[in-house]
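Trainee: how would this look folded up:
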Amino acid sequence: LEHIPVDESFFKLGGDSLIATRVLGKVKQAHSVAISLADFFAKGTTVQSLAELVVLATTSDQALVPSYPQIIPEPNLRFEPFPLNDIQRAYWLVRQGTYALGNVPCHFYSETTANGVDIGKLTRTWRQMIERHEMLRAVILPTGEQQILAEVPEYEFPVIDARAWSESEILDSISSVRGELAAQMLDTEQWPIFDIRLHQVTDDDYLIHSSFDFLIADVWSFLIILGEWGALYSDTVTELPEITLSFRDYVLAEQEISQQAKTSEHWAYWQEQIKTLPVGPDFPLQALPETIDTPTFLRLHDALSADMWQQLQGIFQAHELTPSVALCALYCEVLAYWSKTAHFTMNLTLFNRLPLHDEVESIVGDFTTLTLLERQAGGGQTLLERARALQNQLFEDLEHRDVNGVNVLREYAKQHDLGSSNPMPVVFPSALPLKAQDAEQTFPTT
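Mentor: You can find the predicted model right below:
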């Protein structure tokens with residue numbers, strides 16, 4: 001927004017927990033004070049009230065906190081192997097079949113219909129993206145490390161020419177490619193760890209099939225890629241700003257912070273939580289997960305109309321609930337209906353790009369972290385009360401997000417002697433905080 005009134009509500013402006021954590025991260029960097037999410041949402045949801053919180057923190061006896069260390073990029077080392085981060089390592093181990101319901105990748109597949117595509121230009125601009133974003137040139141080594149390749153072959157889109165085919169032949173071919181890519185297990189030791197194919201249906205109409213492994217990029221990164229690729233293709237921009245920061249630089253810096261967190265009050269908080277956190281929902285099952293060698297996942301989907309979503313957002317804002325938390329609370333209601341107990345813990349994915357460099361929000365990689373969220377059985381008599389209790393619990397947990405939930409899960413399994421089983425398998429991911437306009441796709445699509 002070009003202008004934000006100092007007394008306008010953060011919620012009415014469309015604020016959410018992701019934006020709030022980014023704002024407070026910038027406050028910490030600028031003023032060396034830590035404003036809690038709970039204080040922010042209770043007392044600081046306007047520009048004026050947030051400024052008052054900062055002034056109070058800097059002029060009182062409240063201890064100032066050190067800001068995050070800033071990364072100094074090491075371009076001469078960017079092609080050296082470096083460790084997987086916590087979430088990447090979890091994805092890598094699961095695809096090895098180490099855990100129940102393993103032998104599958106954490107994987108993204110999508111289809112886009114496009115009209116009047118210039119294949120030559122599409123190919124050239126995609127090669128520019130591969131050159132610009134080094135994780136599109138990454139491979140995973142057998143040692144469990146990752147490496148960015150300095151050079152890769154020029155990528156070519158396989159094009160299936162279906163212009164002369166009957167409608168049934170076209171549908172059969174599309175279904176075949178969809179079935180292959182939707183369940184694809186890419187060889188992560190070989191470049192590329194993505195697969196993009198095209199069906200040419202008429203002289204002007206194409207269907208673009210895109211398959212990516214989350215080992216190299218998270219949802220935020222895909223939006224960056226699509227936005228920049230679309231901008232280059234449509235000539236919205238002719239040149240993108242140079243990126244000096246490497247994902248390798250970030251991972252190494254983040255791991256230092258993670259190690260320090262294990263001796264901080266954040267780790268102490270989770271150590272206390274581990275003592276009482278319940279396991280995940282207890283569902284009626286047709287088979288035990290550990291007896292399934294090759295799991296197949298079914299995607300169920302539905303959509304709300306734009307008008308209905310606008311109405312719901314208005315309700316959420318009126319009750320000062322973020323959209324993601326509101327939907328998570330509804331999801332918990334469904335889980336509680338089927339579970340033998342309404343008291344359970346689940347995983348939430350977080351977009352947690354730490355403000356360690358000015359270019360952190362521009363680079364591609366998997367920055368995902370997890371947090372464990374406890375759903376209390378007695379959170380309130382009404383749905384609204386239970387949603388507020390869930391949001392309050394999340395805000396408290398997010399104060400300690402420097403400890404990755406992957407490490408908390410490991411410690412939980414260790415302390416409760418659970419071996420390799422996953423005690424909290426249900427995950428609630430939400431990309432709602434990532435607005436479509438943050439990375440608008442500008443191909444000529446329908």
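Trainee: drop to CA atoms for contacts and neighbour counts, all remaining ones
Mentor: OK.
Trainee: Kindly confirm my reading that Q391 is in a helix.
Mentor: Yes: judged by DSSP: H, G, I helix; E, B strand; the rest coil, Q391 forms part of a helix.
Trainee: From the contact counts, what lies against the helix or strand containing E396?
Mentor: E396 belongs to helix 383-398 when assigned by DSSP states H and E. Applying 3 or more Cα pairs under 8 Å, 6 or more residues apart in numbering; DSSP states H and E, one finds that helix 383-398 contacts helix 37-43, helix 323-338, strand 368-375.
Trainee: which of those is buried the deepest?
Mentor: strand 368-375 (a mean of 23; mean count of other Cα atoms under 10 Å).
Trainee: hey, C-alpha coordinates of it in CSV?
Mentor: The C-alpha trace of strand 368-375 is given here as CSV (Å, rounded to 0.1, in the frame of the first residue of the first chain):
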residue,chain,number,x,y,z
THR,A,368,10.5,-24.1,5.5
THR,A,369,10.6,-24.8,9.2
LEU,A,370,8.1,-26.6,11.4
THR,A,371,6.4,-25.8,14.7
LEU,A,372,4.4,-28.1,16.8
LEU,A,373,0.9,-26.8,17.7
GLU,A,374,-1.1,-28.3,20.6
ARG,A,375,-4.9,-28.4,20.3
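Trainee: Among the helices and strands packed on helix 383-398, which comes closest to G144?
Mentor: strand 368-375 (18.0 Å; Cα to Cα).
Trainee: what's the closest of the helices and strands packed on helix 383-398 to S176?
Mentor: Short answer: strand 368-375, nearest of those by Cα to Cα, at 31.3 Å.
Trainee: Now do the same for Q260: its pLDDT.
Mentor: We have a pLDDT of 83 for Q260.
Trainee: distance between the helix holding E396 and the chain's centre?
Mentor: Distance of helix 383-398 from its chain centroid, counting by Cα atoms, centre = their mean, to the nearest Å, is 21 Å.
Trainee: now do stretch 135-142
Mentor: With Cα atoms, centre = their mean, you get 19 Å for stretch 135-142.
Trainee: Repeat that for stretch 262-281.
Mentor: Counting by Cα atoms, centre = their mean, stretch 262-281 comes out at 22 Å from the chain centroid.
Trainee: could the helices and strands packed on helix 383-398 be laid out in TSV, adding mean pLDDT?
Mentor: Output for the helices and strands packed on helix 383-398, formatted as TSV (pLDDT from 0 to 100):
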stretch	mean pLDDT
helix 37-43	84
helix 323-338	94
strand 368-375	94
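Trainee: right, so of these, which gets closest to I71?
Mentor: The nearest among the helices and strands packed on helix 383-398, by Cα to Cα, is strand 368-375 at 18.9 Å.
Trainee: so what does that closest one touch, helix or strand wise?
Mentor: Against strand 368-375 (3+ Cα pairs under 8 Å, 6+ apart) you get helix 86-95, strand 344-351, helix 383-398, helix 405-415.
Trainee: Relative to the centre of this structure, find the outermost residue for me.
Mentor: A164 (40.8 Å; Cα atoms, centre = their mean).
Trainee: did I read that right, that residue in a strand?
Mentor: No: checked against three-state DSSP, A164 lies outside a strand; its state is coil.
Trainee: how much space between it and T276?
Mentor: 64 Å (Cα to Cα, to the nearest Å).
Trainee: Tell me which residues touch S67, please.
Mentor: Neighbouring residues of S67 by Cα atoms under 8 Å, 6 or more residues apart in numbering: K28, Q29, S32.
Trainee: The helix or strand that contains R248: which residues count as buried?
Mentor: Assessed by DSSP H and E, R248 sits inside helix 247-261. Neighbour-count burial for helix 247-261, counted by 16 or more other Cα atoms under 10 Å, picks out F247, R248, D249, Y250, V251, L252, A253, E254, I257, S258, A261.
Trainee: hang on, the earlier thing: the helices and strands packed on helix 383-398 into CSV, with extra columns for distance to E385?
Mentor: What follows is those, written out as CSV (distance: least, Cα to Cα, whole Å):
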stretch, distance to E385
helix 37-43, 16
helix 323-338, 10
strand 368-375, 12
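Trainee: among the ones you listed, which is nearest M346?
Mentor: Closest among the helices and strands packed on helix 383-398, using Cα to Cα: strand 368-375, at 5.5 Å.
Trainee: Stretch 69-78: end-to-end distance?
Mentor: End-to-end distance (Cα to Cα), stretch 69-78: 19 Å.
Trainee: Identify all contacting residues around that stretch.
Mentor: By Cα under 8 Å, 6+ apart, stretch 69-78 touches I148, T244, L245, S246, R248, D249, Y250, A253, P355, L356, H357.
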